[in-house]
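[1] sharing a model prediction with you, sequence too.
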Amino acid sequence: MASKQKRIYLDYAATTPVDERVLEAMRPYFTQVFGNPSSTHTFGQEAEAAVEEARESVARTLNCQAEEIVFTSCGSESDNLALRGAAFAARQQRGAKHLLIAAAEHHAIAHTAEQLDRLYGFQVEMIPVDAAGRVQVDEVERRIRADTALASVMYANNEIGTLNPVSEISEVCRARGVLFHTDAVQAAAHLPVDVQALKVDLLSLGAHKFYGPKGVGALYVRKGTPLIPSQTGGGQEFGLRAGTHNVPYLVGMAEALRLAQEERSDRAARLQALRDRLIGQTLENIPGAFLTGCPVRRLPNHASFVFEGVDGNTLLRLLDMEGFACSSGSACKSGDPKPSGVLLALGLPPKLALGSLRVTLGKDTRPETIEDFLATLPEVVERCRRLA
């Protein structure tokens with residue numbers, strides 16, 4: 001197989017490699033500073049200090065107070081805590097049972113909302129998106145009710161790269177007394193995450209999307225925001241998330257987020273030029289190719305397409321044989337023969353939605369990589385069509 005000779009990674013939206021600088025920051029906390037942060041002896045105190053330093057670092061990056069950062073195991077857990085915690089608290093305090101969820105959300109939001117509706121008596125209303133996958137502010141405003149507990153709209157879509165007007169939606173929700181959450185898991189590597197500028201009440205992060213380790217995340221909770229914990233036990237994380245802290249991973253996440261935001265502008269400018277080259281040449285050279293998501297307001301590293309007469313999973317396998325690792329929609333959707341719910345929300349026909357491809361670039365992607373991919377893709381798409 002060609003992949004044994006050439007392995008090119010173009011799936012940075014699924015996960016990223018750990019930055020060497022992050023790995024170095026984490027290393028001492030596996031073997032030297034290994035105590036349980038909840039222990040009272042010196043070993044525990046050293047570990048606790050590392051956790052709190054990480055919390056301070058994340059808070060500085062997000063422009064908030066350290067006590068507003070809740071550490072979790074991943075972005076999905078952060079989404080779950082935000083949705084469940086805010087929904088149950090709002091119902092307990094004021095009888096609110098209505099949830100507003102964007103139609104193109106990640107499964108961590110969509111499936112959690114569906115369970116709250118199906119099993120816990122909440123009423124979930126989907127906020128439609130336009131053909132580019134973007135939520136319109138007035139659509140949120142006219143759906144807010146007196147009993148709306150929470151609205152959730154992702155900052156940047158993981159599958160199609162579209163950016164949403166988060167700060168404008170936040171203003172509408174705040175004016176109506178409704179909590180607003182945004183899933184910023186995909187955004188944090190490439191966009192500003194100043195929570196004061198975004199005006200959000202809750203914001204989710206996952207470290208492995210910005211060159212940190214897998215298995216660790218964070219939830220920003222604006223001071224005074226009521227939340228009921230979904231994981232109980234000890235008193236860690238201000239009583240909102242029980243469980244022994246993963247000290248090295250928290251240290252790694254804090255450093256990865258700091259570096260990602262510090263280097264964001266330079267990375268984004270370089271990646272956007274490569275992205276635009278990739279999109280332009282694909283649409284020009286492959287008949288029946290269509291861009292999905294917003295052509296302008298999208299992540300700087302993100303290109304996503306649908307191809308007529310192509311099965312997305314077959315396309316991924318053929319590209320993998322050529323040495324290119326891409327995805328079809330989100331990582332959670334890969335291998336699923338059903339059309340993506342996000343693409344259907346855009347109004348695409350199910351048959352066309354099955355022919356999706358997501359190509360996402362990272363800090364290590366070089367121009368020659370894109371040229372190599374562009375030279376290979378048209379022939380692979382044609383081969384895929386012959387197999388259909």
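    Sure thing, it's come through. Residues are numbered from 1 along each chain as shown.
[2] this structure: helices as residue ranges?
    20-26, 28-31, 42-62, 75-94, 107-120, 137-143, 166-175, 195-198, 247-262, 264-285, 312-321, 341-345, 350-353, 367-387 (DSSP state H).
[3] just put those helices in a markdown table and tack on distance to P295, mean neighbour count and mean pLDDT.
    Yep, even glycine has a C-beta here, placed from its N, CA and C like the rest. Below are the helices of the chain laid out as a markdown table (distance: least, C-beta to C-beta, whole Å; neighbours: other C-beta atoms under 10 Å; pLDDT from 0 to 100):
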| stretch | distance to P295 | mean neighbour count | mean pLDDT |
| --- | --- | --- | --- |
| helix 20-26 | 33 | 17 | 98 |
| helix 28-31 | 43 | 14 | 96 |
| helix 42-62 | 29 | 18 | 97 |
| helix 75-94 | 26 | 23 | 97 |
| helix 107-120 | 25 | 18 | 96 |
| helix 137-143 | 20 | 16 | 97 |
| helix 166-175 | 19 | 19 | 98 |
| helix 195-198 | 23 | 17 | 98 |
| helix 247-262 | 25 | 24 | 98 |
| helix 264-285 | 8 | 16 | 97 |
| helix 312-321 | 21 | 20 | 95 |
| helix 341-345 | 16 | 22 | 94 |
| helix 350-353 | 18 | 16 | 94 |
| helix 367-387 | 18 | 16 | 97 |
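[4] between those, which one is nearest to K209?
    helix 75-94 (7.2 Å; C-beta to C-beta).
[5] give the contact list for P350.
    339, 344 (C-beta atoms under 8 Å, 6 or more residues apart in numbering).
[6] tell me how far stretch 226-246 is from the chain's mean position?
    22 Å (C-alpha atoms, centre = their mean, to the nearest Å).
[7] next one: stretch 372-383
    That offset, for stretch 372-383, works out to 28 Å (C-alpha atoms, centre = their mean).
[8] what's the answer for stretch 207-225, then?
    For stretch 207-225, the distance to the chain centre is 10 Å (C-alpha atoms, centre = their mean).
[9] what does stretch 99-113 give?
    12 Å.
[10] list the buried residues of stretch 295-307.
    298-307 (16 or more other C-beta atoms under 10 Å).
[11] ok, now which ones touch V166?
    Contacts of V166 (C-beta under 8 Å, 6+ apart): 153, 155, 182, 198-200.
[12] just to revisit the earlier point, which two of the buried residues of stretch 295-307 lie the greatest distance from each other?
    Across the buried residues of stretch 295-307 (C-beta to C-beta), the longest gap, 23.1 Å, separates P300 and F307.
[13] returning to that earlier point: out of the helices of the chain, which is closest to T360?
    With distances scored as C-beta to C-beta, the stretch of these nearest to T360 is helix 264-285 (8.9 Å).
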